[in-house]
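# here's my sequence, what's the structure:
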Amino acid sequence: EVIIGLGHHIPKSLIAAAPKLKWVQALTTGTDTLTVPGVLPPHVLLTSTRGIHGPQMSELAFLNMIALARDFRKMQRNQAEAKWEQWGQPILDGKTIVIVGLGLLAEHLAERCKLFGMKTVGISGGRARAPHFDEVHHRRDLAKIAARADFLMLLVPYSPETHHLVNREVLAAMKPSAFLINLARGGVLDEAALIEHLQAGKIAGAGLDIFSTQPLPADNPLWRMPNVIISPNIGGRSDKFVEQTATVLEPNIQAFIDGRLKDLRNLVAR
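Numbering: from 1, shown residues only. Take a look at the predicted model:
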């Protein structure tokens, strides 16, 4: 009757083999693999753990922004060679972050960006305003707004509408000094176009936690670029994941047992 697990790890075969299935609880924010037509029967309820990943996602965002801006990889290479070299150290204060996707994760990150003195600009397919954002613009204006970004941060869910949302046009609009950071889904970014722009020096660098093919193949040129930071899809992980998940899981299990299906938290519309 119930399946609980990481959304992208719940196999279609398991769902198909459960004729009594009533509810699927994804332990992830993203549920795109479960909302594909034909995966879940229409009567099956789907819930997520949307909103619990704010702390770890925001910290990974800052890790990438600071490390990229200050060229921390160069510091590490110099340390390995016992090489003393100084250069100007950019700070986040006064920088503009354009966050693509205005969910709870984006709000959590934007609030912390304001504490660093950053200008926060949001891109949304539906919302006209959001807490902690100085500006919010429609998705159709992404290329124009991306031209203002010091950091273009991707936090948008994947769907047919967001497939390759960040494409050659958007990348071409970015400043040569700007960085792209993808903590969303691999499909929202045209990786081939990103590689071309990085190789040509048209943007300053990238931080990537998610890819269209995972694990990232060893022959992918992104591995060997000195201005790219790669993390192995760890954005949602934390040492408090069990406690974070329980804040949604416990009340949802109790609501299901009690038959209070209308009280299920984070119900995903399909």
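# all strands of the stretch 151-270 of the chain, in order?
Using DSSP state E, counting those that start in this stretch, the strands assigned to the stretch 151-270 of the chain run over residues 151-154, 179-182, 205-208, 228-230.
# can you lay out those as a markdown table showing mean pLDDT and mean neighbour count?
Every C-beta, even on glycine, is put in place using the N, C-alpha and C of the backbone. A markdown table is the format used below for the strands of the stretch 151-270 of the chain (pLDDT from 0 to 100; neighbours: other CB atoms under 10 Å):
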| stretch | mean pLDDT | mean neighbour count |
| --- | --- | --- |
| strand 151-154 | 98 | 26 |
| strand 179-182 | 98 | 26 |
| strand 205-208 | 98 | 23 |
| strand 228-230 | 98 | 18 |
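# can you give me the end-to-end span of stretch 129-136?
End-to-end distance of stretch 129-136 (CA to CA, to the nearest Å): 6 Å.
# and the strands of the stretch 151-270 of the chain as CSV, adding distance to H137?
Converted to CSV, the strands of the stretch 151-270 of the chain look like this (distance: least, CB to CB, whole Å):
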stretch, distance to H137
strand 151-154, 13
strand 179-182, 17
strand 205-208, 22
strand 228-230, 27
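# buried stuff in the longest helix along the chain?
Using DSSP state H to define each element, the chain has its longest helix at helix 241-258. By 16 or more other CB atoms under 10 Å, the buried positions in helix 241-258 come out as Q244, T245, V248, L249, N252, I253, A255, F256.
# show me the contact partners of stretch 200-211.
Contact with stretch 200-211 is made by 60, 63-65, 67-68, 171-172, 174-186, 191, 194, 197-198, 220, 222, 225, 227-235, as judged by CB atoms under 8 Å, 6 or more residues apart in numbering.
# I meant stretch 113-124, not that one.
Under CB under 8 Å, 6+ apart, the answer for stretch 113-124 is 62, 92-102, 106, 110, 130, 132-139, 141-142, 145, 148-149, 156.
# repeat that for stretch 1-19.
Residues contacting stretch 1-19 (CB under 8 Å, 6+ apart): 20-28, 30-34, 39-40, 44, 48, 249, 256.
# so where do the helices sit in the stretch 151-270 of the chain?
For the stretch 151-270 of the chain, the helices defined by DSSP state H, counting those that start in this stretch cover 168-173, 191-199, 241-258.
# output the contacting helices and strands for the last one.
For helix 241-258, the packing partners by 3 or more CB pairs under 8 Å, 6 or more residues apart in numbering; DSSP states H and E come out as strand 23-26.
# repeat the analysis, applying 10 Å as the threshold.
For helix 241-258, the contact count by 3 or more CB pairs under 10 Å, 6 or more residues apart in numbering; DSSP states H and E identifies strand 2-5, strand 23-26, strand 45-47, helix 54-69 as packing neighbours.
# including distance to D209 and mean pLDDT, could these go into JSON lines?
Shown next, in JSON lines, are the helices and strands packed on helix 241-258 (distance: least, CB to CB, whole Å; pLDDT from 0 to 100):
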{"stretch": "strand 2-5", "distance to D209": "21", "mean pLDDT": "98"}
{"stretch": "strand 23-26", "distance to D209": "19", "mean pLDDT": "98"}
{"stretch": "strand 45-47", "distance to D209": "24", "mean pLDDT": "98"}
{"stretch": "helix 54-69", "distance to D209": "6", "mean pLDDT": "98"}
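# okay, these, which one's buried deepest?
strand 23-26 (a mean of 23; mean count of other CB atoms under 10 Å).
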